[in-house]
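K.L.:
next come a sequence and a model predicted from it.
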Amino acid sequence: LEINGLGHGAMTGRMIEGIEQIALKEQPDVLLVYGDTNSTLAGALVAKKLHIKLAHVEAGLRSFNMQMPEEINRIVTDRISDFLFCPTDQAIKNLDNEGFTSFDCQIDMVGDVMLDAALYYATFSSEKSSIISDLNLTDQPFALCTVHRAENTDDEARLSEIVLALNQVNKHTPIVLPIHPRTKAKLQEHNLKFDFKTIDPVGYFDMIELLKHCKIVLSDSGGLQKESFFFQKPVVVLRDQTEWVELLEHGFAGLAGANKEKIQTLFNELSAADLDYSVDLYGNGLASEKIAHKLQTITAL
């Protein structure tokens, strides 16, 4: 749709306009939306306005933080969806607690499609990416880090604490940080600086290779929290809450927020932890097949 660089309202409005034209032309049996982005909400609104069946992949997740635009997107999308494909048992519980069993919708626990993708692409990511050798990381333990959420980048105090903590961590464990454009701009705006060299944003194959080879992850990304688990790496979560509570419950992740001392403490604890990754938290890698089968059943009605 060639929509970018706009505010939430303008971007979502333009998306609705564009998606509506596509839906009117294609006349789909079901409109499938994923996750919690503005495009998710836009697609959901188009479907319901045009009386098209709506299916939401990654339904039922909650951070319980209404300051996050993603939380608003996922709550509204869930409420108007006809089919809710949930990635975790906790997602099912969240929908039950909100009364979804009395709504006219179908709820399915299918597992997480991100696990399907990670398992598939990890089998040949090393053929597609040379980032480990390019960065001279072949025999060097390192921490992988990302910082991009507005709650961190747009708050000078939080961003400053995170920078101080990462600089401290980097003194004994080198950090590799693909930097988001928003984060880069905010660092310059607030005159903050990492003591280590950041790299440009990376593609999916590069990220998989970095996850395979890193020692530990520090991130405010929801997706990267799960991917860290997929590749058996602990993660320090640079947020005050997470949708992936099962990672906390099993000790694979720790909530550090933007507190410098807590980030360093959790980094040390998780780096030394002996974790058992054999537990099944996100399905067995067949979520996509389950969703596809369900969609075939729906369209056959």
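P.N.:
Sure thing, it's come through.
K.L.:
tell me, how many residues neighbour Gln67?
P.N.:
Look at Gln67: counted by other C-beta atoms under 10 Å, it has 10 neighbours. All C-beta atoms are positioned from the backbone trio N, CA, C, and that covers glycine.
K.L.:
just to check, it is in contact with Glu151?
P.N.:
Yes - with contacts counted by C-beta atoms under 8 Å, Gln67 reaches Glu151, the gap being 6.9 Å.
K.L.:
nearest the geometric middle of this structure, what residue?
P.N.:
Gly223 (2.4 Å; C-alpha atoms, centre = their mean).
K.L.:
gap between that one and Glu243?
P.N.:
In this view, Gly223 and Glu243 are 10 Å apart by C-beta to C-beta, to the nearest Å.
K.L.:
likewise for Ile216?
P.N.:
According to C-beta to C-beta, Ile216 and Glu243 sit 20 Å apart.
K.L.:
of those two, who's got more company?
P.N.:
More neighbours surround Glu243 than the other of Ile216 and Glu243, with 27 against 23 (other C-beta under 10 Å).
K.L.:
avg pLDDT for the strand or helix carrying the residue nearest to the centre of the chain?
P.N.:
Taking DSSP states H and E as the criterion, Gly223 maps to helix 222-230. Mean per-residue pLDDT for helix 222-230: 94.
K.L.:
send the alpha carbons of it over as CSV?
P.N.:
What follows is helix 222-230, C-alpha atoms only, in CSV (Å, rounded to 0.1, in the frame of the first residue of the first chain):
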residue,chain,number,x,y,z
GLY,A,222,7.9,-9.3,21.9
GLY,A,223,8.8,-11.5,19.0
LEU,A,224,12.5,-11.7,20.0
GLN,A,225,11.6,-12.9,23.5
LYS,A,226,9.9,-16.0,22.0
GLU,A,227,12.6,-16.5,19.4
SER,A,228,15.2,-16.4,22.2
PHE,A,229,13.4,-19.4,23.7
PHE,A,230,13.2,-21.2,20.4
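K.L.:
what helices or strands is that helix leaning on?
P.N.:
Here helix 222-230 touches helix 113-122, helix 204-213, strand 216-219, strand 235-237, helix 245-249, strand 253-255, going by 3 or more C-beta pairs under 8 Å, 6 or more residues apart in numbering; DSSP states H and E.
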